[in-house]
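S.K.: The following block contains a protein sequence and its predicted model.
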Amino acid sequence: MFVDQIKIEVKARKGGDGMVAFRREKYVPNGGPAGGDGGKGGSIILKVDQGLRTLMDFRYHRIFKAKPGQNGMIKGMYGRGADDTYISVPQGTTVTDAETGELLGDLVEADDELVVAKGGRGGRGNIKFASPKNPAPEIAENGEPGEERKLKLELKVLADVGLVGFPSVGKSTLLSVVTSAKPKIAEYHFTTLVPNLGMVRLDDGRDYVMADLPGLIEGASQGVGLGIQFLRHVERTRVILHLIDMSGVEGRDPYDDFVKINEELKVYDPTLLDRPQIVVASKMDMPDSAKNLAEFKVKLAKDKTLKQVPEVMEISSLTHQGLKELTHRTADVLES
Ligand SMILES: Nc1nc2c(ncn2[C@@H]2O[C@H](COP(=O)(O)OP(=O)(O)OP(=O)(O)O)[C@@H](O)[C@H]2O)c(=O)[nH]1
Ligand SMILES: [Mg+2]
C-alpha cells in the first residue's frame, strides 16, 4: 500500500513549574524568596526532509510527544527549557487539523518548518511574586500545558508538469530521457507506484519540474487501481501531458484511452480539464503508430463534447523523435 495521506497525533509538553523556595543562610533570619522559573516545554515542529518521498514512515509511528520543561529550582535557578521535537516530512506535505479541518500549512520549500503544537510557557518562581507588601510570597505558577493536536498529513507532489495516462504508455521512459531522473521502467502495468520527479533543463536556460505519475485506469476516480491516490497529485501540476500509446500493441483504441482518462480527471475534479493539456502521442517508432495517430486525429476533430481541442505532439522516447519540440512547447505553455 502506498501511503500519501495519514493521521498523526502530536503532543507538545508543559512548561516547568515555578519553584517556591527561600534563602536559608545561617545568621540571616528573613531569607528572601529564591524559587526560580520553570523552563519552556518542548514544541513539535514539522520540517521538510528532501530525502523522504512518502508518508510511509508514519504508518507505524503515529504519536509524537515532545519533552517537558524542567521545573524551577532553589537558589533562583531557572529550569532548563526542553528542546523542540522535529518530525521529518516529505516536500509537498499539506497539514490540516484533523478535528476542525483547518488548514495549518503547506510545507513546500526545501527548508520549510511548521510549528504544529506549541510547548507551554514555564511557570514563574516565587522570586517574581515578591513585592514590598509581600516580600516572602509562598506562591509560584505551574507551567502552562502544551498544545495537543490531531493532524492530517497529505502528500501532494509539486511539479510544473504532470505525466498522465494509462499504465505502460511510456510515462517513466519519457521522464528518464528528458531529465536525469532514473525511474523504474518495465513492460508490466503499474511499474510506477510512487511519483518520480525530474528537472527538465532546456538549452535556452529554461527549466521546470516534471512528475511521472502512476498509471490511471478506468474507475480510478472511484478507487480502482492506484489512481485515486495519485489523482490528488495531478491537482498540483500546472500543465498536464497526457500520454497515449499509439502503437496499439495492448489492443486498446487510443481514442478510447484519451476519453477514459479525461473522464477520470473530470470526475475527480472538473477543473482539471480546464488546465492546459498537451496530448502526447507516444511510441511513434512502432509499426502501426502513424496509422493509429491519423485515426485518432480524425476522431479528435469530430468529437463535439470537447470544450477545446487539445494540441497533439508526437514522440518516441526510443528514437528521441519529437522530444525537443515537446519539452520546448511545454515550457512555452508554462510561461503563458
Ligand atoms: N517502442 C517504444 N517503447 C517504449 C517507448 N517508451 C516506453 N516504451 C516501453 O513501454 C513500456 C512501459 O514503459 P514505462 O515508461 O515503464 O511506462 P509507464 O507509463 O511509466 O507505466 P506505469 O508506470 O506502469 O504506469 C516499457 O517496456 C518501455 O520500454 C517508446 O517510445 N517506444
Ligand atoms: Mg511508470
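M.R.: It's in. Numbering: from 1, shown residues only. Ligands and ions are numbered 1, 2, ... in the order given.
S.K.: hey, where'd the helices end up in this structure?
M.R.: 171-178, 227-234, 254-268, 289-302, 323-335 (DSSP state H).
S.K.: Of these, which stretch is the most buried?
M.R.: helix 171-178 (a mean of 24; mean count of other C-beta atoms under 10 Å). (Glycine included, C-beta is placed from N, CA and C.)
S.K.: and that one with helix 323-335, angle?
M.R.: 100 degrees (axes from the mean of the first three to the mean of the last three C-alpha atoms, to 10 degrees).
S.K.: Contacts for helix 171-178 next, please.
M.R.: 163-165, 181-185, 191-192, 196, 198, 200, 210, 212-213, 215, 241, 243, 280, 282, 315, 317-318, 320, 323, 326-327 (C-beta atoms under 8 Å, 6 or more residues apart in numbering).
S.K.: Looking at the closest residue in space to M210 that isn't next to it in sequence now. What's its pLDDT?
M.R.: The spatially closest residue to M210, leaving aside those adjacent along the chain, is V161, at 4.6 Å (C-beta to C-beta, 6 or more residues apart in numbering). In this model, V161 is scored at 93, pLDDT.
S.K.: so what's V161 up against?
M.R.: By C-beta under 8 Å, 6+ apart, the neighbours of V161 are V200, Y208, V209, M210, A211, T237, R238, V239, I240, L241, T330, L334.
S.K.: Then G119?
M.R.: Residues 12-15, 40-43, 66, 69, 82, 84, 146-147 are the ones in contact with G119 under the rule C-beta under 8 Å, 6+ apart.
S.K.: Try it again at 10 Å.
M.R.: Contact analysis of G119 by C-beta atoms under 10 Å, 6 or more residues apart in numbering lists 11-15, 39-44, 66-69, 81-85, 143-147.
S.K.: on that earlier part again, going through the contacts of V161, which ones are buried?
M.R.: Neighbour-count burial (16 or more other C-beta atoms under 10 Å) applied to the contacts of V161 gives V200, Y208, V209, M210, A211, T237, V239, I240, L241, T330.
S.K.: out of those, what pair is the most spread apart?
M.R.: Within the buried ones among the contacts of V161, two members stand farthest from each other by C-beta to C-beta: V200 and I240, at 15.0 Å.
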